[in-house]
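A.B. asks: following is a predicted model, sequence given first.
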Amino acid sequence: MKMYVISDNVDTHTGMRLAGVEGEVLHGEAELSSCLERVSGMKDVGILLLSEGFLLKYPDTVNTFKQNHSMPLVVEIP
């Protein structure tokens, strides 16, 4: 199983890329929703690392995703 990072800043994304974790930097709720659905279709991704900023800005989007998908496991990056 792989990890995938969705970040709201370039520094977190760069750090994770240096550790070998693929991912992307997003800035809006529509981008986040689209990316979450795309990642849920990736069968090799077991852990989704999500920046804390997304949970603070878009809690409904993130919580809906968590409730409707058992995989990948969503882990918040503080």
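C.D. replies: That came in fine, so what should we check first? Numbers count the residues shown, from 1 in each chain.

A.B. asks: residue with max distance from the center of the chain?
C.D. replies: Most distant residue from the mean C-alpha position of the chain: Leu18, 17.0 Å away (C-alpha atoms, centre = their mean).

A.B. asks: next, it: phi, psi?
C.D. replies: With angles defined as degrees, to the nearest 10, Leu18 sits at phi -60, psi -30.

A.B. asks: so how far is Leu73 from it?
C.D. replies: Using C-beta to C-beta, to the nearest Å, Leu18 is found at 22 Å from Leu73. Heads up, the C-betas are built off the backbone N, CA and C, glycines and all.

A.B. asks: count of neighbours near Val25?
C.D. replies: By other C-beta atoms under 10 Å, 16 other residues sit near Val25.

A.B. asks: please name the nearest non-neighbouring residue to it.
C.D. replies: Spatial nearest neighbour of Val25, excluding adjacent residues (C-beta to C-beta, 6 or more residues apart in numbering): His13 at 4.9 Å.
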